[in-house]
Each structure stands twice: as C-alpha cells, then as structure tokens.
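Peer 1: give me coordinates for this.
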Amino acid sequence: MASSTCAAVAAVRRLAAASSRQDSLPSFMATARSRSLHCACARHSFLQPSTSVPLSTTSRQTNISNASTVLLVRTLSSSTVIEPPVTETISQVDALHENVYTGDDTVAALEALGSQKFDAKKCVKEIQEAAQWQAEWDPDVVRQAVSNYEHHMRILHQTLSQLEREKTPQVESELSSSPKVVVTLEDVIADWQDTKLIEQDVTVQQLEDLVSPETVESAFRSALRMNLDTSRLSVKVRELERLVGLVGKTPLTDPLSFSLLKANGKAGNIGRALALLNMRKARNYPPRKDQEYPSQNEFVHAIQSIESAGLYLRKNRNVFAGDVHQPAIDNPTRWLDAILVNMFERNVQLTPWLANRMLETYASTGRTGKALHFFYDMKRDHKGIHHDPETGQYSYIEDNDTERPIRPEIMEQMPIYKKKRIKVRVQYNPPPPYHKVPSLVKDTGVMRPDDTAGKRISKLDRESDKDWSLPLTAALVFADSLTQGACGHDPISLNLQSYNVLIKACCYRGALWRALHILNKVLPRQNLEPNTTTYNIILSGMARVGDVDMMKEFLITMTNKGVPLNMFTVQAMVEGMLNVGDIGGAVTMVQDLFNQHGVIPPPATHFKILEIALANCLVYEAKRHVYFLQQLWKWAPQNSRQERQKEKMMKNPQLSRPSLKTLFGYFGEALTEEDFF
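Peer 2: Numbers count the residues shown, from 1 in each chain. Alright, predicted model coming up:
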C-alpha cells in the first residue's frame, strides 16, 4: 500500500514538472490528474459508491455504476464459493477482505419455475460444446445452450431457496437475525424425489458438474459467442453472474475469475472489471493470458471494458452538448490509473503496446460537435411528382423546371410515404463556419470566447487552451505521464502508433491544427516518419469538415513521399468531396486513384456515391460509376491485397446487377441492360 502511494506521488511530481514544457498541457490538469492518481491509489477506491459514474440517464447507466449489490466470496469448509447479494455496506465488506466484484440490483427478479425437464448431464455437454473455439459457429445454437443452462440454474436456485426458507427457524424478535442455513446438493435431490418436481434421476455428481467452475466458465465464454450488441451483452452477463451467485455453490477459482473479467470487459462493465482485477491482486493470482488470444492478458480485458462502455457514446453522443455535459466515460483517466496501479503492485511492466491500448480509449467515444458538420439531409419530395390524368403518365419536375418522365415500372419501385409515391432528394445545408475548416482559418485566426478586446490568435493556440477539450487535455497529459513514468512504472517511449492515436484523439475533438502540429513538429523531433494510417486519420478529419483543398495537398504529399495509399485513403477523399457536393469529382477521384495506385474504396463507398448522385438527379454521374464498377468486375488483380479488395467487392450483394437496378428504381431512374456491357 505504501509503495503504491509513493509511486503515485512520484508520478504526480513528474507530471507537475512535465506540465511546464512547451507541448504540455496546463498545470490545472496535472492537479486533476493527481487527484485521479490519489483516488486510484487509495485502497479499493474504485469500489466506493462515490466513484460511481453513470454513462447516461438511460439503462446503460448500470454498465459502469457501482451500486450496493455485492457478490461475496467466503470461505466455507476450506472452499471459496460465490454467494448471493447481501446487505453489508461496501466499506464493511472491504474491511473483511471478502469483496469480489460490485454489481447492481437492477436485474429483473428471477421468475418462479414449476415442474420442468431437467437433464444436467446434457446441459453441461451443450454448454461446453458451445464454448469451444470454432472458426464458424451458429449463434442460435449458442443462445439455446446458454438459455438451457440458465433454465437449469433457475430450477436449482428455486429449490435451494425453498429449502432454505423451510429450514430457517422463525425468530420472535425482528431485531434478531436468523442463523445461516446451509442447504446441500444432497438435500436438493432428496426434495426432488419427495416432491416429484424433477422426474428424471439426478445424481450429486451431475449437479456438482452443473455448478462447477469449469462449467460456469464455459457459460460465460458461450455468452460472448451469442452475437449480442454491447448493451444486451452487459445485461446478459450481469444476469448470469447474479444467477450463479444466488445458487452459491460455485468455487471462485483463478480461471473462473479470469473468465468473469473477460466477459465483463466485452460487456463494458468497468466497475466489475476493475474490482475483479483488485480481487485477483488480493489473492495473489498471477496475471493470466487469454488462451484463444495469447497476446491479450487480463489488463487488456480491463481496458476493453472502457472501450466497450464508450461504444454507446460513440453511437449516441449529443454533439450539441459541451464536454462538461458529456458522460464521465468521455474521460477514462481514473480507470486507466487504476489499471496502472494494479499492474505496478503485481510487478507487471507497462509496454508500449499496452500503453497504446490505453490511449485508444480516449478516441473510442466518437467525434464531438467541433469535429463534425452536417452537410446535407435526405428529404422526401412528393410535390415534384406530376401526374397527367389524361395520359396517365408520371413525371418529375426538377429544380430547373425540367420535366422528366417516369416509366410506370419504375414508379412502382419508388418509396411510398403517406400513400403517395415520393422521390428522395438531397438538401444541402449551409457550409461549416470558417473556424472549423483549417484552410480557411489558416491566415485569419480566431478569437477566444472570453476575449473582449477582440485579439485574434492562431487556431493552434486556441486548440491548445485548457478549455478547448478537457478529455483531449487529459489524453495528452496521460500520454506525457507515460513517458515520465506513471504510477510507478518505468518511463516508456511513445512510438508512431502512439502518436497516431493522439492525432486521432485530436481529430475527434475538432483540434485539427493540434493534429497537424503533431504531424509536422512532434514526429520529426522524435525521428518518426508518418505512415498511411497517420495521413488517413487526418484526411478523415478533414473530410468531416469539408476541407477538400487541404485534403488534396495531403494526397500530393503522400504521393511525393512514397507513402502507399489504401482503401481508406480513397474513402476519405470521396467522403470529403461528397460532403461539399462535388459528385463528379468523387467519381473521377475513385477512377484516378485506381488507375494510378491500384486501390479501390470499400464497397459501402461505391454505394454511397450512387445514392448521393441519384438523390441529386445526376443520373449521368451515377451511370458513369456503374460503368467503372463493371470494369472492376473484369479486373485481374496483380497482388494479394488487390485480390482481397475485389473479393470483398464481389461478395457484397448491394453491388450486384439486380441490386443496382433496384437502387436506380428507388430514386425513380431506370438502369437497363443496355447500360451494362
């Protein structure tokens, strides 16, 4: 305990010293980080309710909250078992050194079950088969195996609870508590024989196999193979944990605790993952590696819990709210510090690869409003469709008052809204403000919001202010602390992947000039050359604000430096041009990059080009891209990379000939056999 506290204090001092450097961030963030380090170094601090951080006001709040439900580990007959939730406070449990992981009491109550089929031997066999690694597996079979296992555990829990209530003596005073009654598996079998609840013959060995750590471990591995989204997986893992804890017959072993950690990591349950790390440290369990993925150890799964919890914010972020109004998962520093402290106390040295995984969490919650602009909206246009009652013909009135006839068979393929055929159009919004576009703000500069004198500063200086983005500030301070030795670890040197992650974090926070500063100033000082990923991240950030001019400059720079292009380079260029309405330029760009560099964008980019072109009534540009797709169908790749690109495109059903005809018909245009060669 003393060693970890001293290490944290030393790390804070190094951070304070580092904050005075030119590229460091303001000193107030070092103070905030020292508080985070102090909380992380406090004994079992991440089990305290005060550290409960709700992800949002929705049901995802339970993912990382630490509520009052605690599944305890007690020693009974020299064996450790998982017991049901109890009423002791977390501080009392902490004093007893009996805490395993924290949870919440929001899981729905278990349903009472009547007479059911019970085949423990078959259930164990199915759950073990579902947990085995396979290149391809059927998620429905896995779901059925997990559901069957839960069914058997619920029957067992129902019988145990009933027997416990029957054997518990009645107490006269409400102030006195009843003694703990232990119900054995032999009692369960005897009750089933008396009540005829289970018609099949069940042995004690079968029940022991059902609740054994190996079977429970297989159940959690199977839960990860159910192909559930993160929110549903989080609920499933919590329900399964609670069910095993209510049965209370499963010894908590080293492999089982590791499986619990992995499952909670995939599900985004940060509080439970960190508490499991703490429990494994308290029991002196050696750090384990994943058998399926040897490069991933238990700390990677703890980091994965942060990334999984941030997936909700990545998909549902309110881009109109500032950083102070975002969920606390937007700044994961406190949890990363807790992982670092746990690693230090268990003599696990921090590696650059693991440090990069930690830095990735700062860019796992998606882009903020400063990094985005909504260039266009899709609208329904039914007023532009004209029907001539005399001839029965339909036509569409374009923006320039040109009347275009619509064939009856095409009219039937167009979407219906409020019982009327409509045409889907693109409506472009005003361009982004100049201060978002790097090429526009390059010479003009910006003003600080609180500057009444009207003094203009460079955009880089504005993005370097402490109030531009607190999570970005925390990310850069955290990266700097790793080079100084964070939480007692030896200092590490950031590599190119580390700086790519920081550039990505800058682009996601709208600090494009800060990203360019790392590219043009920091990387040369570290004798590092940017690679394809570096430029792709910056190009993608530029595309979100429609800075096509600077994107073309970077494309020329990549070509002159010999940096290879890939599909994501083409994707970024196309998205930037589509955002500003240059559909013809996007089609030409795809063709030119294919002819010069032999790269093609992902299949979704082809489909997006066709959608935007047709929604803008640019049928010629859409058919021009269809002609290019036909060339790709007959293209003979020259290397394995090109073979993979073509295979991915050919397997995509949206780019097949029937799908292309359906797409054109949806927008009221005809694509006939004459358009194919």
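Peer 1: which stretches of the stretch 251-400 of the chain have low pLDDT?
Peer 2: 290-296, 399-400 (pLDDT under 70).
Peer 1: oh, I was asking about the chain
Peer 2: 1-116, 135, 170-179, 290-296, 399-401, 452.
Peer 1: please report phi then psi for the most far-flung residue of it relative to its centre.
Peer 2: Distance from the C-alpha centroid of the chain, by C-alpha atoms, centre = their mean, peaks at Glu390 (57.3 Å). Main-chain dihedrals, Glu390, degrees, to the nearest 10: phi -70, psi -50.
Peer 1: heads up, I number from 17, so please use that
Peer 2: In the new count, where the first residue is 17, that last one comes out as Glu406.
Peer 1: now the strands for the stretch 267-416 of the chain?
Peer 2: Remark: strands assigned in the stretch 267-416 of the chain by DSSP state E, counting those that start in this stretch are 392-397, 401-403, 410-413.
Peer 1: now tell me what touches stretch 505-518 from outside.
Peer 2: 356, 359-360, 365-368, 371-372, 375-376, 378-379, 491-492, 495, 498-501, 534, 538-539, 542, 544-547, 549-550, 553 (C-beta atoms under 8 Å, 6 or more residues apart in numbering). Every C-beta, even on glycine, is put in place using the N, C-alpha and C of the backbone.
Peer 1: ChimeraX command to pick out the buried ones of those?
Peer 2: Those of the contacts of stretch 505-518 that count as buried under 16 or more other C-beta atoms under 10 Å are selected in ChimeraX with:
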select :356,359,360,366,371,372,375,376,378,379,491,492,495,498,500,501,534,539,544,546,549,550,553
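Peer 1: quick one: Val615 and Gln654, what's the gap?
Peer 2: 12 Å (C-beta to C-beta, to the nearest Å).
Peer 1: the more surrounded of those two?
Peer 2: Val615 (19 against 9; other C-beta atoms under 10 Å).
Peer 1: residues contacting the closest residue to that one other than its chain neighbours?
Peer 2: Excluding the flanking residues, the one nearest Val615 by C-beta to C-beta, 6 or more residues apart in numbering is Leu581, at 5.1 Å. If you count contacts by C-beta under 8 Å, 6+ apart, Leu581 has them with Thr548, Met574, Thr575, Leu609, His613, Val615.
Peer 1: give me the buried positions along stretch 378-395.
Peer 2: 378-389, 391-392.
Peer 1: give me the contact list for stretch 546-559.
Peer 2: 387, 454, 512, 515-516, 519-520, 522-524, 528, 531-532, 535, 539, 564, 566-567, 570-571, 573-574, 579-582, 584-585, 587-589, 591-592, 595.
Peer 1: picking up where we left off before, pick the one among the buried residues of stretch 378-395 closest to Ala686.
Peer 2: Of all these, Ala686 sits closest to Tyr392, with 24.6 Å by C-beta to C-beta.
Peer 1: now Tyr524. Nearest residue, chain neighbours left out?
Peer 2: Arg383 (4.8 Å).
Peer 1: do Gln661 as well
Peer 2: Gln661's closest residue in space is Ile616 (C-beta to C-beta, 6+ apart), at 5.5 Å.
Peer 1: sweet, I'm off.
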